[in-house]
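**Q** let me see the structure of the following:
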Amino acid sequence: MFRVAILDDYQKVALSMTDWKILEPEVEVQAFADNLIDVPKLAERLHTFDAVVAMRERTPMPRALLERLPNLRLIVTAGMRNAAIDIEAATSRGVLVTGTDMLAHPTAELTWGLIIGIMRHIPFEAAAMRRGAWQTTLGRGLQRKTLGIIGLGRLGAQVATVGKAFGMKVIAWSQNLTAERAEAAGATLVSKEQLFAEADVATIHLVLSDRTRGLVGAADLARMKPSAYLVNTSRGPIVDGAALLECLRARRIAGAALDVFDQEPLPADHPLRQLDNVVLTPHLGYVLEENYRIVYRQAAENIRGFLDGKPTRMIGK
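**A** Numbering: from 1, shown residues only. Presented below is the predicted three-dimensional model:
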């Protein structure tokens, strides 16, 4: 029997997102709803499994773990990149790593939900309504404000389009962005320093890598206007978490809307949860039914292809 483990099925929906019967009768599929990252405990759980289906970077899979999984032959990850998987270690052990497609627009949509949510104090006012209150804050609008986009790729360009529709001035910066590419997306290329100094809303849309880890630091946050907001729907470690926490505590900026964190799930006692000038969501950027149906359908297809000797959507080969 070929055993498949589906990891981090937080909502307990993985088994209903596609027809896993295409893998029968030789495959047994088991889903786990908890997030287990302790290497010895995770190795104990997975040591009898032949394949693992990983949802994004929820569970790190370093060499130390892979070396303790003698039966593992296949990893399927949501998306075509996963920084939490040691691809080199997997390949050296003969473990094939494959990926799936994912929709781009869900994260761009959530970005705007967060921007409007924090600028109009929607979560705060909704909670106040339940306590019997009425109109306790003054919000701020988007029209004629400056939207600063850090990373103007596929997602950033979608965010720029919506910003223009709201009547915002759109500026952008990233390490390789050109004036021509910025203009094509409806934005103006500026320096990193200018972006943080001018933006009323600074929103991050970059892939986490060695080059982007800690890219937004204390000096960048210090340049922001006291009335400005920082939004991050990319990856937590792109921003210096300690510097951001200090900045928010001191109220040097108006607030932050965060969907991603250095540690996920965010610990229940994390100080960010105690601040009233943040909007926090639990990494919902890609968590959409349409995305899940694509991911789990293609995961099943990848497993079927592997068993049939016709692997598809390979990563690192």
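
**Q** off-centre distance for stretch 189-203?
**A** Remark: stretch 189-203 is offset 22 Å from the chain centroid, using CA atoms, centre = their mean, to the nearest Å.

**Q** need the contact list for Val4.
**A** 23, 27-30, 49-53, 303 (CB atoms under 8 Å, 6 or more residues apart in numbering). C-beta coordinates here come from the backbone N, C-alpha and C atoms, glycine included.

**Q** same thing with Arg68?
**A** 39-40, 43, 47.

**Q** mark which of the residues you listed are buried, thanks.
**A** Buried residues within the contacts of Arg68, counting neighbours by 16 or more other CB atoms under 10 Å: 39, 43.

**Q** nearest to Ala199 among the contacts of Arg68?
**A** Nearest to Ala199 among the contacts of Arg68: Val39, at 40.7 Å, using CB to CB.

**Q** got a pLDDT number for the closest one?
**A** Here, the pLDDT recorded for Val39 equals 97.

**Q** touching, it and Met61? I think so.
**A** No: with contact defined as CB atoms under 8 Å, Val39 does not reach Met61; the gap is 9.7 Å.

**Q** follow-up on the earlier one: looking at the contacts of Arg68, spot the one nearest Thr111.
**A** So of those, ranked by how close each gets to Thr111 (CB to CB), first place is Val39, at 33.9 Å.

**Q** which among the contacts of Val4 count as buried?
**A** Looks like these have 23, 27, 29, 49-53, 303 buried, using 16+ other CB under 10 Å.

**Q** how many neighbours does the closest residue to Glu290 other than its chain neighbours have?
**A** Spatially, and ignoring its direct neighbours in sequence, Glu290 is nearest to Leu103 (6.2 Å; CB to CB, 6 or more residues apart in numbering). Here the number of neighbours of Leu103 (other CB atoms under 10 Å) works out to 14.

**Q** how about the strands in the protein?
**A** 2-6, 27-31, 51-54, 74-77, 96-99, 146-150, 169-173, 188-189, 201-204, 229-232, 255-258, 278-280 (DSSP state E).

**Q** related to what we said a few turns ago, out of the contacts of Val4, who's nearest Ile171?
**A** Nearest to Ile171 among the contacts of Val4, with distances taken as CB to CB, is Val53, at 39.9 Å.

**Q** please report how far that closest one lies from His270.
**A** Using CB to CB, to the nearest Å, Val53 is found at 28 Å from His270.

**Q** same deal with Val4?
**A** Taking CB to CB, one finds Val4 at 33 Å from His270.

**Q** and what of Ile204?
**A** Counting by CB to CB, the gap between Ile204 and His270 amounts to 19 Å.

**Q** again, but for Met1
**A** 41 Å.

**Q** between those two, which one's more packed in?
**A** Just comparing Met1 and His270: by other CB under 10 Å the higher neighbour count belongs to His270, 16 against 8.

**Q** for that one, what are its contacts?
**A** 261, 263.

**Q** could I get the strands of the chain in TSV, plus columns for mean pLDDT?
**A** Shown next, in TSV, are the strands of the chain (pLDDT from 0 to 100):
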stretch	mean pLDDT
strand 2-6	98
strand 27-31	97
strand 51-54	98
strand 74-77	98
strand 96-99	98
strand 146-150	98
strand 169-173	98
strand 188-189	98
strand 201-204	98
strand 229-232	98
strand 255-258	98
strand 278-280	98
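
**Q** pick out the residue closest to the middle of the protein.
**A** Nearest to the mean C-alpha position of the chain, by CA atoms, centre = their mean, lies Ser234 at 4.9 Å.

**Q** which residues sit in contact with the residue nearest to it when sequence neighbours are not counted?
**A** The shortest distance from Ser234 to any non-neighbouring residue, by CB to CB, 6+ apart, is to Ile204 (4.8 Å). For Ile204, the contacting residues are 150-151, 216, 230-234, 238-239, by CB under 8 Å, 6+ apart.

**Q** could you rerun that using 6 Å?
**A** 150, 232, 234, 238 (CB atoms under 6 Å, 6 or more residues apart in numbering).

**Q** beta partners for it?
**A** With DSSP bridges as the criterion, Ile204 is bridged to Ile150, Asn232.

**Q** start the count at 836, not 1, going forward
**A** Yep, numbering from 836; the last one is Ile1039 now.

**Q** please save the CA atoms from stretch 1005-1018 in CSV.
**A** C-alpha atoms of stretch 1005-1018 as CSV (Å, rounded to 0.1, in the frame of the first residue of the first chain):
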residue,chain,number,x,y,z
VAL,A,1005,0.9,54.6,-7.5
ILE,A,1006,4.6,54.4,-7.0
ALA,A,1007,6.7,51.3,-6.9
TRP,A,1008,10.2,49.9,-6.2
SER,A,1009,12.0,46.6,-6.2
GLN,A,1010,15.6,45.7,-6.8
ASN,A,1011,15.2,44.9,-10.5
LEU,A,1012,12.2,47.1,-11.4
THR,A,1013,12.7,49.3,-14.4
ALA,A,1014,10.9,52.5,-15.2
GLU,A,1015,9.4,50.9,-18.3
ARG,A,1016,7.9,48.0,-16.4
ALA,A,1017,6.6,50.3,-13.7
GLU,A,1018,4.9,52.5,-16.3
